[in-house]
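K.L.:
Sequence unavailable; structure follows:
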């Protein structure tokens, strides 16, 4: 049907392997996560940093975008890195330019669009260090994490979304021959054509903490299925998405398409551009990561669009018993320290029976469990130079005031300390805070405290822990849940509770896998089955409604 | 993983064939459409009629449903057949019974649920004549149509939905083995389980005209994916769905499940039960066919649910030229006569250039085109005995008053006549009405006139016809579009306009395929890409969001 576009031909092997991966959901990764020079080349790190530095204090090279009226600079680095990048600020006429670009993109068909998306991804991969620097500077993630989560892991999630989109677009054939016996030796014979038709303009609303990782699945799922994509970055994390848009526009133009299929819509402080765009009739798909308040507003008000949201939740660990007390404490401790708990997947509530738990080290009281976890956190953060490479910096002042507020609830387990960053004088670094609460403190532990804040909650028993888990996650949702137990019955009960609550469960993590990390092509991120998110990254439901099939039929 | 349930094993071949059909979308049908005794057996017709008659004037055998408070009888047959079937009327406690039935149905897994759904379908097929009589009596469809659309064609659509649901549920494996190289010869090794988790209770809201055909896809898609289904029938077409629910409950019980996974919620006159149920927090999926007003209300208000709607639209034929004038007139005429135009797919607006068109019989003026179509209608309806076997009866008084109102707009082309039904003294039969309008009568032709009402609209040219098509379908949507032209350029332009409008197109139909008929497993019904419906029967998007995947993972 379609002649294969060279960009499709170039990436067929990758696509095929990704299609296998989403069918098997075993381990696979297309983009190496190690920033080592042996993998990325001797000059990659320096070249990437230089490319990043060239953007600072300058007009970002996107002035060819439609509708530029003025320039805005809104970023403040949690590390105190001077950014001052100015981005084009657009009037809404850019939406007309995007709509005008759509018919040719629709007509290009699934293969060509997929090929162009895979080429964009390849170019982004070549810019991994440039992106990593941008993510590091804007989010406060330590560099290695900014590299991994901001580049290869984000590309894996993007490729996963592209593979799902391709699979879904091609599950209906492009044409079909229809021959129906009509009696008396007659046959009704028709030829049918099935067109993949995009919904319209897609809006991707980026977040402050994971500007690429959380935006790429929606970005590529929408683009591959034929929709132009407007990217509205978080005002404090524009640069990683500006680089993304720049590269996407370059590849689109090279491939013979209108670069206005992808546009960056940066906003002035306080402009509320996401709301304006979300209500535009041309905008038919919205992907959003951020607050429950705005996510709920989008779902309730952007009625003309298919809305995919990832919001806040109350991630929970149920501790019942363990045959590796030290491993459990180390594992939980690490998940609290990583990016100072500023991941949407970081555990918050650690539910422990008041009477303590059985372990390989004998009975441990609730306070001993709390102290074990606090000790693991302390060990990871005691040396500031090594600690900051895990915690990174605090993304914004809201987190700081939340730490302050949390330090006044319940009883102390571990204080948060203010750490001087050895490399960045202006960095705001805080270690995790842990407080102890009772089962009746649901007003406190029943909502999300985004940041390095967690609660050891004393429950009357593991059964009580399961009830609290069901109640809090039922009401507020969660992206992750975790259980520690040596009892098959408890594990079964927890698995059933996780299914009821609709949250993904990790069981007895004591080694090198952490509850706040999900592996692309194998783990789903969010489930869409609880209030924390109405969709999962990435599954059939995430892509299937981003396009429609429109057919025509005629007699042969 | 799962042991195969005998009901799954029994229907594996059918399922496999259906999975092939949805991947190819060529001709296939699992249920013979001919009501011939050679196909269905010598006694099938009489047995089915006897089963139907046994329901009349009695309490329908569903008193085992939970929460029965009293009995309601709300049906009036368009043929004047005395029905007086009394259905159980429930208090809302039945929702608790349904919720309690859900965990075991969820735990049964995709295969078993699919097997049970296929067994229900097989039993429904055995009751084809019983269902056909019920559809005939409640909808006013002539018997053969009631048989075909009400039974085998509805079963084909149901099987199609089950196949899509099965494919979608099983695209993620039930388990996966994950081994990630962790450096230094170490491997992270986890075992992962992926559970298909239903959304919650599904509500199917039936319509008056196609109680089974329009309800079955949603019913089976929801049930197969693990959701209990409450069926709220149209008060005037309860019996076909009551029979369906009865059979489904019998099969569920036989298969070892709680029959309350499927419940009939009949309503008292004026009760507005659909609104009440639609806003219940337990109801997480809604399928609706009916008015734009109520469909829009559902989409706007039932925010806790995934809502699939099929609403009103303005189906349009663009007439540009033809090399088979007689065939075109016959084909259009037949599509207007069938069920007196009371199909959501019946053409309404026939757009013809004021200057007339080129045909194989030479130039035809606009009035000659109109007369050709009117003549075809007249020929099909002139003999009442044969005519009523196509037209059936008028479903309700709203259609009658609409015919009355339409007879006063524009200029006459064909009057609607009141026909005495040879078999049913109490039947209300009307033949199609055709009026002629100008291009500036958009206020009239721009909205749906459901019933045997169509308009020949005089346009300035075929380009003008395309503009009117784009404007009316863009605003009000459509389920079908059709074009007659001998010009490849016109056909291309119309195909592009159909893609823009998001409506399925039929090209130059002059034989035994009609624009108002869609073939299961090949044609999509509705597109979800225009205001007439937000979903298509049946595609990936129709099933993918009826369940979620929730995973658990643990170290091996």
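P.N.:
Arrived safely. Everything quoted here is computed from the prediction, not taken from an experiment.
K.L.:
in the stretch 401-550 of chain A, which spans are strands?
P.N.:
Assignment of strands within the stretch 401-550 of chain A using DSSP state E, counting those that start in this stretch yields the ranges A:411-414, A:418-419, A:429-430, A:433-438, A:453-459, A:481-484, A:505-507, A:547-555.
K.L.:
Most tightly packed of the ones you listed?
P.N.:
Compared across these, strand A:481-484 shows the largest average neighbour count, a mean of 29 (mean count of other CB atoms under 10 Å in any protein chain shown). Heads up, the C-betas are built off the backbone N, CA and C, glycines and all.
K.L.:
on contacts alone, who are the packing partners of that strand?
P.N.:
Contacts defined by 3 or more CB pairs under 8 Å, 6 or more residues apart in numbering or on different chains; DSSP states H and E place strand A:481-484 against strand A:316-319, helix A:488-501, strand A:505-507.
K.L.:
in the second one, what's buried?
P.N.:
Okay, so that is helix A:488-501. A:490, A:491, A:493, A:494, A:495, A:497, A:498, A:499, A:500, A:501 (16 or more other CB atoms under 10 Å in any protein chain shown).
K.L.:
now the nearest residue to the last one once chain neighbours are set aside: how far from residue A:466?
P.N.:
Taking CB to CB, 6 or more residues apart in numbering or on different chains as the measure, residue A:501 lies nearest to residue A:473, with 4.2 Å between them; neighbours along the chain are not counted. Residue A:473 sits 11 Å away from residue A:466, taking CB to CB, to the nearest Å as the criterion.
K.L.:
Name the residue in the two with the higher neighbour count.
P.N.:
residue A:473 (27 against 23; other CB atoms under 10 Å in any protein chain shown).
K.L.:
check contacts around the more buried one.
P.N.:
A:313, A:314, A:316, A:481, A:501, A:503, A:530 (CB atoms under 8 Å, 6 or more residues apart in numbering or on different chains).
K.L.:
Which strand residues bridge the third one?
P.N.:
Going by DSSP bridges, residue A:316 is paired in beta bridges with residue A:349, residue A:481.
K.L.:
which residue is nearest the centroid of chain A?
P.N.:
residue A:214 (2.6 Å; CA atoms, centre = their mean).
K.L.:
I'd like to check which residues are in contact with it.
P.N.:
Counting by CB under 8 Å, 6+ apart, residue A:214 makes contact with A:206, A:207, A:289, A:310.
K.L.:
Which of the three states applies to it?
P.N.:
What DSSP: H, G, I helix; E, B strand; the rest coil gives for residue A:214 is coil.
K.L.:
okay, it: pLDDT?
P.N.:
Per-residue confidence (pLDDT) for residue A:214: 98.
K.L.:
before we move on, what about residue A:396?
P.N.:
For residue A:396, pLDDT reads 94.
K.L.:
again with the one 5 residues further on
P.N.:
According to the model's per-residue confidence, residue A:401 sits at a pLDDT of 97.
K.L.:
cool, and residue A:495?
P.N.:
Residue A:495 is given a pLDDT of 97.
K.L.:
and the stretch 151-300 of chain A, which of its residues are near chain B?
P.N.:
Residues of the stretch 151-300 of chain A lying close to chain B by CB under 8 Å from any CB of the partner chain are A:167-168, A:171-173, A:176-180, A:182, A:186, A:188, A:190, A:192, A:194-195, A:197, A:199, A:299-300.
K.L.:
what does the domain assignment say about chain A?
P.N.:
Using automatic domain parsing, the domain ranges for chain A come out as A:45-172+A:190-312+A:537-555, A:316-507.
K.L.:
In JSON lines: those domains, plus distance to residue B:17.
P.N.:
Output for the domains of chain A, formatted as JSON lines (distance: least, CB to CB, whole Å):
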{"stretch": "domain A:45-172+A:190-312+A:537-555", "distance to residue B:17": "17"}
{"stretch": "domain A:316-507", "distance to residue B:17": "32"}
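K.L.:
Enumerate every residue touching residue A:549.
P.N.:
Counting by CB under 8 Å, 6+ apart, residue A:549 makes contact with A:172, A:194, A:195, A:196, A:197, B:524, B:527, B:536, B:539.
K.L.:
Return the set of residues that bridge with it.
P.N.:
Beta-bridge pairing of residue A:549 under DSSP bridges involves residue A:196.
K.L.:
now do residue A:307
P.N.:
Applying DSSP bridges, one finds that residue A:307 bridges with residue A:286.
K.L.:
quick one, strands of the stretch 201-350 of chain A?
P.N.:
A:201-205, A:229-232, A:262-264, A:283-289, A:306-310, A:316-319, A:349-353.
K.L.:
Now mean neighbour count and distance to residue A:443 too, for those strands, in TSV please.
P.N.:
Below are the strands of the stretch 201-350 of chain A laid out as TSV (neighbours: other CB atoms under 10 Å in any protein chain shown; distance: least, CB to CB, whole Å):
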stretch	mean neighbour count	distance to residue A:443
strand A:201-205	28	30
strand A:229-232	25	34
strand A:262-264	27	41
strand A:283-289	25	26
strand A:306-310	25	25
strand A:316-319	28	16
strand A:349-353	25	13
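K.L.:
Present the ones you listed as JSON lines; the columns should include distance to residue B:282 and mean pLDDT.
P.N.:
Shown next, in JSON lines, are the strands of the stretch 201-350 of chain A (distance: least, CB to CB, whole Å; pLDDT from 0 to 100):
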{"stretch": "strand A:201-205", "distance to residue B:282": "31", "mean pLDDT": "98"}
{"stretch": "strand A:229-232", "distance to residue B:282": "36", "mean pLDDT": "98"}
{"stretch": "strand A:262-264", "distance to residue B:282": "42", "mean pLDDT": "98"}
{"stretch": "strand A:283-289", "distance to residue B:282": "27", "mean pLDDT": "98"}
{"stretch": "strand A:306-310", "distance to residue B:282": "22", "mean pLDDT": "97"}
{"stretch": "strand A:316-319", "distance to residue B:282": "24", "mean pLDDT": "98"}
{"stretch": "strand A:349-353", "distance to residue B:282": "26", "mean pLDDT": "98"}
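K.L.:
Ok, which of the ones you listed comes nearest residue B:442?
P.N.:
Across the strands of the stretch 201-350 of chain A, residue B:442 has its closest neighbour in strand A:283-289 (25.1 Å, CB to CB).
K.L.:
So which elements touch the closest one?
P.N.:
strand A:201-205, helix A:216-224, helix A:273-278, helix A:292-301, strand A:306-310.
K.L.:
tell me the angle that strand makes with strand A:201-205.
P.N.:
20 degrees (axes from the mean of the first three to the mean of the last three CA atoms, to 10 degrees).
K.L.:
what's next to strand A:283-289, contact-wise?
P.N.:
Under CB under 8 Å, 6+ apart, the answer for strand A:283-289 is A:95, A:199-207, A:210, A:214-215, A:217-219, A:222, A:227, A:230, A:274, A:277-278, A:294-295, A:298, A:302, A:304-310, A:344, A:546.
K.L.:
picking up where we left off before, identify, out of the domains of chain A, the most deeply packed stretch.
P.N.:
Of those, domain A:45-172+A:190-312+A:537-555 is the most buried (mean count of other CB under 10 Å), at a mean of 22.
K.L.:
Report the separation between the residue nearest to the centre of chain A and residue A:292.
P.N.:
Taking CB to CB as the measure, residue A:214 falls 15 Å from residue A:292.
K.L.:
try residue A:556
P.N.:
Taken as CB to CB, the span from residue A:556 to residue A:292 is 55 Å.
K.L.:
How about residue A:467?
P.N.:
Distance, residue A:467 to residue A:292, using CB to CB: 23 Å.
K.L.:
Nothing else from me, thank you.
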